[in-house]
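J.: here you go, sequence then predicted model.
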Amino acid sequence: MLKHYLFIDYATQAYLLMVAVLVLLFSWRNDPALAAADLGAPGGCLAAALADPGDGARAANAALSFLRHFYPILLYAGFYREVGELNQMFVSGVLDHHVIRFDQWLFGFQPVLT
């Protein structure tokens, strides 16, 4: 059934399920749309993987083939936006100053500035 699954499929779906569980446990009342999206997206990923003809066969539907191979890029752009909401799930405020101090302690300089 999952013969055509790639590592990126497993990694993407693991991330989606992990975030969905965190949102459901800790903040689904704050953002039910986010929880629904993270729960529904793995189904779409699975459908795209199962629709892939695999073994070098040319897909009957070029749009479906494109979606199958590039959905991680489309989703990861959304994940970047999602992190802005998720980082406030357990703490409030900005934690940048902690990261800056940690970078300075670990590397002795600011890697982001060099």
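T.: Yep, it's here. Numbers count the residues shown, from 1 in each chain.
J.: tell me which element the nearest residue to residue 111 once chain neighbours are set aside falls in.
T.: Take residue 111 and drop its neighbours on the chain: the residue closest to it by Cβ to Cβ, 6 or more residues apart in numbering is residue 103, 6.0 Å away. Glycine gets a C-beta too; all of them are placed from N, C-alpha and C. Assigned by DSSP states H and E, residue 103 belongs to helix 96-107.
J.: in that helix, what counts as buried?
T.: For helix 96-107, the neighbour count (16 or more other Cβ atoms under 10 Å) marks no residue as buried.
J.: pull the helix or strand with minimum mean pLDDT from this structure.
T.: Using mean pLDDT, DSSP states H and E, helix 32-51 stands out as the lowest-scoring helix or strand of the chain, at a mean of 72.
J.: for it, packing partners?
T.: Here helix 32-51 touches helix 7-26, helix 62-86, going by 3 or more Cβ pairs under 8 Å, 6 or more residues apart in numbering; DSSP states H and E.
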